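1. would you be able to build a 3D model of this:
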Amino acid sequence: MGNRCRLRTATCHASSRRCGYPGLRAHIPPTVPITQRSRRSVRHFPVNIVILLTFLSAEVVTEKFLAEISKKIGSEWILVCVTLGVPSYVIDQIKIDGTSDVPTKIFEGLRRWRELRRERSDDELIVELKDALGEHGRQDLVEVVENHIKKCMLEKEKNINTALHSMEAEDTEVKDFREKLHTLNYLETQKVPVSPLQRTSKMPLENIFAPISIREDLEYQGKGRNIGMKNKRTKPVNSPDDMFYIDGDVARNVFVLGDAGVGKSVFCLRLVENWCKAQKICVSDRGESNVSWVKALKIFDFLFFVQLRHVNKSRSSVIDMIVNDVFHSHPGNQDFIRRVLYSQRFRCLIVVDGVDEWKVTDQVKFELKVEGLPNTENMVNCTFVWSMRPWVMDRFSEMIRGNDRVVEIQGLDTDSIDVVIEKMLINFYELDKDSSRYKKKEKYITEKSNDQTLESIMQIPLMAVACIQIWFEGKEVGNSMVRLYVAILDLLIRRSNKKDPLTADIIEKFANQSVAERNVPPILYQNKNIKQVMTMIMKLGRIAHDDLVSKETHLVFRVEDIETYLEEYELDLALRIGILSKCEAPGSFNEENVSVNFFHKSVEEFLAAIYIENQGQIQTFFGHLSSVEVIMELGNVLIFLSGLNPMLGSRISKQIFDVANVDTNICRLRTLSDGSIYRNNKVELLYRLQVNCYKEIKYAQSIENTTHELSYHVSDVYVDDNCDIGITKVTADILTHHHTDIRSLYLYVVSTDVENGIPDSLLTQYLDHTVSLQSLYIDGYNTNRTLHHISDIFSSLSTLILSNITLTPEALCTLHTTLQSNTVIQTLGLLGIKCQVNEDQGPEPASLAGIIQTLPDLSSLSTLRFEVANEDDKDIFLDVLSRLSHLHGIRYYGTYPNNNEYDRDIVQTLSTWSGLRWLCLVLVDLGDSGLQLSHDMLHIEGIILFQVNMSLSGWRYFIQSILNIKHKFDVDLDDVDIDEEVQTMIKDTQEFEVSHDKSNEDGSHTIYFTRVWPPSQQRQP
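-> Residues are numbered from 1 along each chain as shown. Below is the predicted model of the structure:
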């Protein structure tokens, strides 16, 4: 905003003045109204227009000028000040002031006049002063004023001419640098490593790119937070505006998340390519071009592309990386780059790829403002795009602000897969120009790509490209990650043999080397091409392992370091095959220090898994898996290990299970009543990892025809209707596995079949044989499913939430009995439960207040989630609440829009509860009385109101009651109807710090703020 706002102000002021120097108008473009969506035209103004306007708008009526003229006015000064409109009380105050110096009094009178007229232009002030002096016969001073104006105009002309010469020189520098930057960026898009089938291993991005599905993740900063209700956690990114604009303003940070191979780096390169096209400098428009993205990137004067795996690990700031690494070979531009990045005159886009691959020294860690993210201070007019794997985002969730956006790359849809196939086949045509044979291959590839069992693999661009290449050769890939990467290694070796005659000669050198068969998984040893070079594969695996588990190495290796692992001919072969490639990132490659890296991180992870499994390194490797964060970082290695050795996969599941069960945050989330554990990014990703490990185990067992059933451990099982069918089916398989150990289970949809959710019969079967379950959350969500059976496990659960399901009378009775024997329950929620009394009639709401009232021991209960169905329930719950003074959290569901007085009675009781840490009200109408919190709520940490209705006076009472509580806590207002007066009241209160403020499409409002305490931390007005 900075440059644009000043430009608008300066332009408006300039156009409103009667300028005494008409020649200046030739240098100033017509005034253009700058609205939210017309900001993109700003960059078409002359580069230094702000400087020109600053000279034009420089003050004429300065204090120095007023001091000069004060010495010449004399005794008429009081009359002059009265004519100028200075109030009489001000003149009286000046007259009785202690000083006897008359010019000083005159100066003070003129200064106060200028203060009173501060909204007026210099031209208006000059006219007013000349009229006042002339009215009292001081024509001599009128001439002094006119001479001062002429002097000022001559000085301005001189300054502007100097500025214009400077602009011409700088415009040339800007143009030259933009062309150089364009060339550097464009070359990056011409060397994408894709196909070992091609004569060259790299090709232009345009030749392979297909549109990828991107969705905004609404969970960060609470944008998608929804209290106990069904909610859609993501929304599609359909245009560049959905990514780069937030409420009309350009975003500060865009975090791009995506799993391995899903296309994060390619997406970053696509941004680079589209920016190059937007500059219209020698860019080929061959192939399809996304016009909207090209146009959108015109707002950025410069784009800098930083690949973190290629930067020096001693750098802590983005600007140092750009200057010293990206432009390593262009030292003459480094000062100019710093000026550009620190300037408010240029809008810059900084694309930073591979945050999860960035490894730094301990010294750099100490220097970072945000752990794991390079510093960006003073780069005020820059937008940053950060790409990373999803698990990394948890590190930065606290820094997300209203001008930041989080998006996730989902991969390829069906149409995009067809585009990839079409482009790959065009590239492969030169390899086999026999039309009949080519058509057969085309048909074969199309048929294989439609295989439903490969759907999840084909959604990942890297995997899709690999599969197409393997099918073109007439080979199979299987439907597991291990099988696919074995096929990729085999393909790399075979194609190198065909197109490079020296490859076979080098492989001959491995003839006398071998690895004991007992140390190699059958899937590798049975492949003759891989078997030939197994010693090299093992050495590469050791390099990969040491790199991934070390905090010091950096994914990019110097040749001299690699040669401590590999013989010279082994390195030569790895480069010829394509497992390793020379670094060609800007600034990272020079003749004195040649570097290499694995052609993709997932290949490095696969080789590391081979080394760990073959060399008996598993126990040492497990020693590194000390936290959920490290497990997520090495997640792909764990998936590959599970597929290489199913028994090892069982041990891995136990390791993940044990680590998750001592994770403080996960344990805390399991006790919450809103199911927020399952909307937690870390927990969801951890379950996805466990599902992928399980799939690899089952596939490997099916190939080996193993009947031995291994135990499998899952920390937190999560299924809702946002999960793809693959996750749901695997979850169903996990639940039927009699040796499965699960700690918490969340099922949002209970249905009749696995296509629409988890069958209730399967759930009942699982609950009957499990002994380790601690948390159970079942939400039928309008499926009207009936649970015919309540398991004995209910008597030992610490968290139980049942919502929107129907119970038979027998099941309802069993629920009552099991809860009566439960002495460890900490979190209890019973909502929307119906009872099917008569099969000929529909289910009726069940009275749950009575069940809770008869529970003998509520001392362990810390969180209660409940609703009141009728007046009798209200009285029972008020009695229950009187026994629960130790309760820490309450989530109450009302009946809004129905206006029920018992809602207000319940809320009045809750609002005076001194021991509460958090209170959540959902669908409650509080009318004029509002929510009046007691000042005795000394432990309150959070208030959440979701679709709560209050009148204007009710909101005023609520806000005042917040101010009466003298400590810090959070307040979340979700989907509430509040008018502008209430919004203004919240924003203008110094004791409130607003973190999120947005109007919803339905007219409601969402606003999150913190009651700040102590007063020393309050923001200034």
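2. across the sheet, point out what pairs with the residue nearest to R670 when sequence neighbours are not counted.
-> Counting by Cβ to Cβ, 6 or more residues apart in numbering, R670 lies nearest to S775, which is 4.6 Å off, once chain neighbours are set aside. (Each C-beta comes from the backbone N, C-alpha and C, glycine too.) Assessed by DSSP bridges, S775 has beta-bridge partners S744, T799.
3. how many neighbours does S775 have?
-> Using other Cβ atoms under 10 Å, the number of residues around S775 comes to 25.
4. got it, and I537?
-> Per other Cβ under 10 Å, the neighbour tally for I537 reads 23.
5. that one belongs to a strand?
-> No. According to DSSP: H, G, I helix; E, B strand; the rest coil, the state of I537 is helix, so it is not within a strand.
6. roughly how far apart are R270 and V385?
-> R270 sits 11 Å away from V385, going by Cβ to Cβ, to the nearest Å.
7. next: S397.
-> Distance from S397 to V385, by Cβ to Cβ: 18 Å.
8. looking at those two, which one has more neighbours?
-> Remark: of S397 and V385, V385 carries more neighbours, 23 against 15, as counted by other Cβ under 10 Å.
9. wait, isn't V145 in contact with I126?
-> Yes. Using Cβ atoms under 8 Å, V145 is in contact with I126, at 6.5 Å.
10. which SS class is D872?
-> helix.
11. which pLDDT value goes with it?
-> pLDDT recorded at D872 is 75.
12. tally up the residues packed near it, please.
-> 13.
13. and what of H737?
-> 18.
14. which residues does the closest residue to it other than its chain neighbours contact?
-> Among residues not flanking H737 along the chain, Y712 sits closest, at 5.9 Å (Cβ to Cβ, 6+ apart). Taking Cβ atoms under 8 Å, 6 or more residues apart in numbering, we find Y712 in contact with S650, S653, Y694, I697, I734, H737, H739, T740, D741.
15. these two touch, right, the fourth one and R651?
-> This means I697. No. With contact defined as Cβ under 8 Å, I697 does not reach R651; the gap is 10.9 Å.
16. hmm, back to that, let me have the contacts of Y712 in CSV, extended by distance to E604, secondary structure and pLDDT.
-> CSV is the format used below for those (distance: Cβ to Cβ, whole Å; DSSP: H, G, I helix; E, B strand; the rest coil; pLDDT from 0 to 100):
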residue, distance to E604, secondary structure, pLDDT
S650, 25, helix, 91
S653, 23, helix, 92
Y694, 23, helix, 92
I697, 22, helix, 91
I734, 29, helix, 85
H737, 32, coil, 77
H739, 33, coil, 78
T740, 32, strand, 84
D741, 32, strand, 85
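17. relative to F622, how far out is the residue nearest to H737?
-> 17 Å.
18. elements contacting the helix or strand hosting F877?
-> Secondary structure assigned from DSSP states H and E places F877 in helix 871-882. Helix 871-882 is packed against helix 849-853, helix 901-910, with contacts defined by 3 or more Cβ pairs under 8 Å, 6 or more residues apart in numbering; DSSP states H and E.
19. ok, residues contacting that helix?
-> Contacts for helix 871-882 (Cβ under 8 Å, 6+ apart): 847-850, 852-853, 858, 866, 868, 887, 902, 905-906, 909-910.
20. the same query, at a cut-off of 10 Å, please.
-> Residues outside helix 871-882 that contact it (Cβ atoms under 10 Å, 6 or more residues apart in numbering): 845, 847-855, 858, 861, 864, 866-868, 870, 884, 887, 890, 892, 900-903, 905-906, 909-910, 913.
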